[in-house]
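> structure, please.
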Amino acid sequence: MVNPYAPPTANLGAADPDGKLSDGRYEFTPAENTVIARAAKLARAWGIIAVAGGALVGLMVVAGVVAILIYSPRFPVATTAVILSLVLVAVIGPIAVVNVITGRYYIASGRSLQDVVETSGNDVAHLMTALDKVAGAFRLEVIFIAVTFALGILLQIALIMLSFLTSAAGGTP
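Coordinates of the predicted model:
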């Protein structure tokens, strides 16, 4: 079975003295455009979901901040509810921001993929633009997950230390 997406093979030295396989004007076939169009729709749909979800989570963060401002004067500062609310706002806020930013990358990549299907003469350039935008979204998500993981470990260590210190001081853990 021949892979239709395999890179072209050529004797670079004999076929083209410059060693170039393509001048960038490749046009995808209708079957290939169908696959690309499906990927474009899914990228845009995922981007819209991510932006909308991020916006909704952002509204939850704002509601959490308002609740903290309203209710924290009524309770001692060290109450569990206020501390948990602050932690939730600190954790959920960045998730909202990352969702909105990556969602915009996915929407833009979907647009570039659709340009591959709808235009002629620049398929490779449009595809490379789409891949660059998807790579930007992936890069942001990888960085965010790595930072979140590291902060989670540090927070867990801090909570364990706080528990030991509270126990040692005669309080309840």
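> point out where this protein drops to low pLDDT.
The chain contains residues with pLDDT under 70 at 1-25, 72-82, 169-173.
> what ranges do the helices span in this structure?
With DSSP state H, the ranges of helices along the chain come out as 12-15, 30-71, 80-118, 123-168.
> please identify the most buried of those.
helix 80-118 (a mean of 18; mean count of other CB atoms under 10 Å). Backbone N, C-alpha and C define where each C-beta goes, glycine included.
> my guess is residue 41 meets residue 107, correct?
No - when contacts are counted by CB atoms under 8 Å, residue 41 is not listed as touching residue 107 (11.4 Å).
> contacts for stretch 100-113 next, please.
Stretch 100-113 is contacted from outside by 36-37, 39-55, 58, 126-127, 129-131, 133-134, 136-137, 140-141, using CB atoms under 8 Å, 6 or more residues apart in numbering.
> again, only this time at 7 Å
36, 39-40, 43-44, 46-48, 50-51, 54-55, 126, 129-130, 133-134, 136-137, 140-141 (CB atoms under 7 Å, 6 or more residues apart in numbering).
> and the residue lying closest to residue 52 once chain neighbours are set aside, how far from residue 51?
Spatial nearest neighbour of residue 52, excluding adjacent residues (CB to CB, 6 or more residues apart in numbering): residue 103 at 7.8 Å. Separation of residue 103 from residue 51 (CB to CB, to the nearest Å) stands at 4 Å.
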